[in-house]
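Student: Fold the stuff below for me.
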Amino acid sequence: MSVGERTFEGSPENIASALTKALGSVDRDLMARVEESLWRFPLACLQWIADVATVYWGECSYKTSEWRESVATAAELHRLLGFEIERSKNWALDPQQRLVYSQAEQIQFLLQEPL
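Tutor: Model prediction:
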């Protein structure tokens, strides 16, 4: 399986590691730009996170304990994105920020818990 230009085995450990890296990237960016929120996040980085989330969504089996770390990290990233999306619903976003917002919504959807 490939994410961006990187190829890796779609194991629970690799996906958990990729999600942890994604969560760390978003968290670091938000801490550096508290006033601007997520919407100045580099779009290319967010696309990589969307790729990871897509792989997670397609591969994850919620019925096995092997995926526990991935599910927990995905849930944390889902909550963080949800908070940022909700917090900025009424903001006037420029076109670039709207792309980031849309991508964040897509990632949040991919990381949602099963029904």
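Student: Name the secondary structure element that contains the spatially closest residue to Ile49 that is not a sequence neighbour.
Tutor: Closest residue to Ile49 apart from its sequence neighbours, by CB to CB, 6 or more residues apart in numbering: Ala22 at 4.3 Å. The way it works is simple: take the backbone N, C-alpha and C, and place the C-beta from them, glycine included. For Ala22, the host element (DSSP states H and E) is helix 12-32.
Student: before we move on, what about Ala44?
Tutor: helix 43-59.
Student: which stretches of this structure have low pLDDT?
Tutor: Regions of the chain meeting the criterion pLDDT under 70 cover residues 1-6, 8, 32-37, 61-64, 113-115.
Student: quick one on the thing from earlier: near the residue nearest to Ile49, how many other residues are there?
Tutor: Residues within reach of Ala22, counting by other CB atoms under 10 Å, total 25.
Student: can you check Trp57 too?
Tutor: With other CB under 10 Å as criterion, Trp57 counts 14.
Student: Find the nearest non-adjacent residue to it, please.
Tutor: Closest to Trp57 by CB to CB, 6+ apart is Leu110, at 4.3 Å.
Student: got the contact list for the one you found?
Tutor: Shown in contact with Leu110 (CB atoms under 8 Å, 6 or more residues apart in numbering): 50, 53-54, 56-57.
Student: go with 6 Å
Tutor: By CB atoms under 6 Å, 6 or more residues apart in numbering, the contact set of Leu110 is 53-54, 57.
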